[in-house]
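Undergrad: I need the structure of the sequence given here:
(one chain, ligands or ions: 3)
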Amino acid sequence: ETHKPSNFLRQIIEHDLANGTYASRKWGGSPGDAAHHAAGQPDPARVRLRFPPEPNGYLHVGHAKSICLNFGLARDYGGVCHLRFDDTNPEKEDTEYVDSIIEAVKWLGFDWAQIGNAPGKDAPYQASDYFDFMYRAAEYLIESGHAYVDEQSAEEMRINRGDFVKPGTDSPFRSRTPAENLARFREMRDGKLEDGAAVLRAKIDMASPNINLRDPAIYRIRRAHHHNTGDKWCIYPMYTFAHPVEDALEQITHSICTLEFEDQRPFYDWLLDRLCEGGLIATPHPHQYEFARLNLTYVLTSKRKLAQLVNEKRVSGWDDPRMPTIVGLRRRGYTAEAIQLFAERIGVSKSDSWIDYSTLEGALRDTLDPIAPRAMAVLDPVKLVLTNWDEVMGAGTLDDCSAPVHPHHPEQGTRHFKIGKEVWIERTDYEETPPKGFFRLFPAHTNASGQAIAASKVRLKYGHVIECVGATKDANGQVTEVQAKLIPDTKSGTPGADSVKVKGVITWVGVNDAVQAEVRLYDRLFTEAHPEANGNDFLENLNANSLSVVTAYVEPSMASIPAGQRFQFERHGYFVTDLVDHGTGKAVLNRVTGMKDSFGK
Ligand code: ATP
Ligand code: MG
Ligand code: MG
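TA: Residues are numbered from 1 along each chain as shown. Ligands and ions are numbered 1, 2, ... in the order given. The predicted structure is shown next:
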């Protein structure tokens, strides 16, 4: 295994392992029954991490960073990582998303049945499984004088919270006795109050400089059907209350989240300290650590905004190859290895920054180059006719050509194709009056300074050397056919191959055996590196030319390949047979990325 550079999270974990921070984890009082079953009997000497998505959309490349980080740390330190659905918000969640998240984590190469969970537990964790315990924890806070039912209107509550300069004002309900609060909270639970008529609030400090500590709401009334618990509850915990409780019940050691939760950390600690005092959870409790979220140029990383692109049909779906979702990246042709390498290269830090999109593409090239089979493809085809073929080779003759599947891996074998009188070449490989430095096909001509220039000689890669004759054009001046002469006895791999020196080599496929393919060429989805910069609506920065579809010709070896296979087309970059549309009677390929970094140039 390669050496992993250290970072602040690795240092914290190494420190805690060396000091046995969690080795002596103990229950403070009478252990809660729910508390035990959430994570089974934990191994106290291990680090225990979690990846806690809310199942309200498809995961994106930012989540991939978090998955690679949490599962990767668990793997590297012999710990475990829980996949946990943070499903405490009933209205936005759906089992479609649950399934897609499971699929995405597995595809990225992490299996929580092996590096996750307690022994014997092979299903992901669900926050909604803890609703009973959360309710008990809320009653405990009430009984111990740390929570109260507030019946101010939402507007009053907002005003009385104060702001950055003005301290908050106590609610008139703040001085209720624990007995009154408990009775009222049970009425909330039993459906005696309307939605929004009351909330349960933690009783902390209305003058705290941290607004998150000014008696945050921890339970609200919401008559909503939940995909896991059905209609059992009409009150639901707030995320800021639920999340620390979930971590504690699962005996997480290091709860790693993005920087925007930094201001929530004091409440996280306040709450878990109270629950430790009450003996509801083990001590020491989990700790929260924040890292900078991934911001990737030309990319949106917000489930809500990605959902908007899907719902408004700006893209073909969550798995559109232009989407930064894991399903989109996968369909585009990204591999799990490339995404893992990308996550490793960008590392983790404590300050927000933008990562250049080329870093992601670079990781793809570096992982695919050593393994991707090579093939030739002509993306913008024009026909080349070898005018002397019949005399030199014999009318109707096809000559065998071969090439390595991979130039550095002879064990991968050889690919075979045939050359005949007609081949497809790239339209851009012919110029009637070539610019300086153009070494591909051009006819004999007189240049701008009146010099006579001889026709070019180029090699058809893996084939023969040819000499350009000229081209036929249509009424609009568009070239419809290029002509050249074959120079006999110059085929690659034969003794005469080097008898004629050439400055240019061009790729081609034979008209006789080429396979026609639909090739989808993708460009960035947004025209701006920061799609929401300058207060712009990101929809205004959509790139109208982010997809172009061409009819290409590819080598015959591509005729029978399954979907999801990746290639390097010589000169053109990395391609994949499309997971959805390939193979149903036609070849459909996506370009993952070009040969070199050209993004944003
Ligand atoms: P979004 O804003 O896209 O909905 P989210 O943070 O609300 O993202 P969650 O489902 O709560 O989505 O995220 C699960 C985990 O993924 C969280 O721990 C979160 O910190 C992490 N995560 C989400 N977006 C990013 C990102 N851009 N970079 C790194 N981690 C991220
Ligand atoms: Mg979230
Ligand atoms: Mg969000």
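Undergrad: Could you find the closest non-adjacent residue to residue 194?
TA: residue 221 (7.1 Å; Cβ to Cβ, 6 or more residues apart in numbering). For every residue, glycine as well, the C-beta is placed using N, CA and C.
Undergrad: cool, and residue 376?
TA: Per Cβ to Cβ, 6+ apart, closest to residue 376 is residue 507, 4.6 Å.
Undergrad: what comes up buried for stretch 62-82?
TA: 62-75, 77, 79-82 (16 or more other Cβ atoms under 10 Å).
Undergrad: Residue 519: what secondary structure?
TA: strand (DSSP: H, G, I helix; E, B strand; the rest coil).
Undergrad: any idea how far residue 371 is from it?
TA: 21 Å (Cβ to Cβ, to the nearest Å).
Undergrad: These two: which has the busier surroundings?
TA: residue 519 (24 against 14; other Cβ atoms under 10 Å).
Undergrad: I'd like to know how many residues surround the spatially closest residue to the more buried one that is not a sequence neighbour.
TA: In this structure, residue 519 finds its nearest non-sequential neighbour in residue 552, 4.4 Å apart by Cβ to Cβ, 6+ apart. Neighbour count of residue 552, defined by other Cβ under 10 Å: 25.
Undergrad: name the element residue 552 belongs to?
TA: Taking DSSP states H and E as the criterion, residue 552 maps to strand 547-554.
Undergrad: what lines up beside that strand in the sheet?
TA: Each strand paired with strand 547-554, and its direction, by DSSP bridges: strand 377-378 (antiparallel), strand 515-522 (antiparallel).
Undergrad: ok, residues contacting that strand?
TA: Strand 547-554 is contacted from outside by 322, 375-381, 424, 509, 514-523, 569, 587, 589, using Cβ atoms under 8 Å, 6 or more residues apart in numbering.
Undergrad: and the closest residue to ligand 1 within the stretch 501-601 of the chain, how many neighbours does it have?
TA: Relative to ligand 1, the nearest point of the stretch 501-601 of the chain is residue 532 (13.0 Å; Cβ to the nearest ligand atom). Residue 532 is flanked by 15 other residues according to other Cβ under 10 Å.
Undergrad: who's in contact with it?
TA: Neighbouring residues of residue 532 by Cβ under 8 Å, 6+ apart: 300, 538, 541.
Undergrad: want to try JSON lines for these, with distance to residue 341, secondary structure and neighbour count as columns?
TA: What follows is the contacts of residue 532, written out as JSON lines (distance: Cβ to Cβ, whole Å; DSSP: H, G, I helix; E, B strand; the rest coil; neighbours: other Cβ atoms under 10 Å):
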{"residue": "300", "distance to residue 341": "23", "secondary structure": "coil", "neighbour count": "22"}
{"residue": "538", "distance to residue 341": "28", "secondary structure": "helix", "neighbour count": "19"}
{"residue": "541", "distance to residue 341": "29", "secondary structure": "helix", "neighbour count": "19"}
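Undergrad: Any chance of these in TSV with pLDDT as columns?
TA: What follows is the contacts of residue 532, written out as TSV (pLDDT from 0 to 100):
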residue	pLDDT
300	95
538	93
541	93
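Undergrad: any chance of those residues in a markdown table, plus distance to ligand 1?
TA: Output for these, formatted as a markdown table (distance: Cβ to the nearest ligand atom, whole Å):
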| residue | distance to ligand 1 |
| --- | --- |
| 300 | 9 |
| 538 | 13 |
| 541 | 18 |
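Undergrad: Looking at those, spot the one nearest residue 274.
TA: residue 300 (38.5 Å; Cβ to Cβ).
Undergrad: Give me the secondary structure label for the closest residue to that closest one other than its chain neighbours.
TA: Once flanking residues are discounted, residue 300 sits nearest to residue 531: 5.5 Å by Cβ to Cβ, 6+ apart. Under three-state DSSP, the three-state class of residue 531 is coil.
Undergrad: so who does residue 531 touch?
TA: Contacts of residue 531 by Cβ under 8 Å, 6+ apart are 298-300, 538, 541.
Undergrad: secondary structure element for the closest residue to ligand 1 within the chain?
TA: Ligand 1 sits closest to residue 62 of the chain, with a gap of 2.2 Å, by Cβ to the nearest ligand atom. Using DSSP H and E, residue 62 sits in helix 61-76.
Undergrad: what about residue 247, which SS state?
TA: helix.
Undergrad: same question, residue 260
TA: Under three-state DSSP, residue 260 comes out as helix.
Undergrad: tell me, how many neighbours does it end up with?
TA: For residue 260, using other Cβ under 10 Å, the count is 10.
Undergrad: and it, what is it in contact with?
TA: Counting by Cβ under 8 Å, 6+ apart, the residues that residue 260 touches are residue 293.
Undergrad: what about it, distance to residue 82?
TA: Residue 260 is 22 Å from residue 82, by Cβ to Cβ.
Undergrad: so what's residue 350 up against?
TA: So residue 350 contacts 8, 259, 290-292 (Cβ under 8 Å, 6+ apart).
Undergrad: May I see the ChimeraX selection of the buried members of those?
TA: Buried members of the contacts of residue 350, defined by 16+ other Cβ under 10 Å, are picked up in ChimeraX with:
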select :290,291,292
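Undergrad: and the contacts of residue 350 as TSV, adding pLDDT?
TA: As requested, those are exported to TSV (pLDDT from 0 to 100):
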residue	pLDDT
8	96
259	97
290	98
291	97
292	97
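Undergrad: and the two most separated of the contacts of residue 350?
TA: Top of the distance list for the contacts of residue 350 (Cβ to Cβ): 8 and 259, 12.6 Å.
Undergrad: so who does the nearest residue in space to residue 296 that is not next to it in sequence touch?
TA: Nearest residue to residue 296 in three dimensions, chain neighbours excluded: residue 355, at 5.3 Å (Cβ to Cβ, 6+ apart). In this structure, residue 355 makes contact with 294-297, 346, judged by Cβ under 8 Å, 6+ apart.
Undergrad: cool, and residue 261?
TA: 288, 290.
Undergrad: contacting residues around residue 386?
TA: Contacts of residue 386 by Cβ under 8 Å, 6+ apart are 421-423, 466, 483-486.
Undergrad: Can you report phi and psi for it?
TA: Here is the backbone geometry of residue 386 (degrees, to the nearest 10): phi -90, psi 100.
Undergrad: That one bridge partners, please.
TA: Note on residue 386: beta-bridge partners residue 484, judged by DSSP bridges.
Undergrad: just for the chain, where's the confidence low?
TA: Residues of the chain that meet the criterion pLDDT under 70 lie in 1-3, 27-45, 93, 112-122, 534, 597-601.
Undergrad: Save the contacts of residue 531 as CSV, and put in distance to residue 124 too.
TA: CSV is the format used below for the contacts of residue 531 (distance: Cβ to Cβ, whole Å):
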residue, distance to residue 124
298, 32
299, 27
300, 26
538, 32
541, 36
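Undergrad: can you give me the strands in the stretch 101-250 of the chain?
TA: 125-126, 147-150, 199-202, 217-221, 235-237 (DSSP state E, counting those that start in this stretch).
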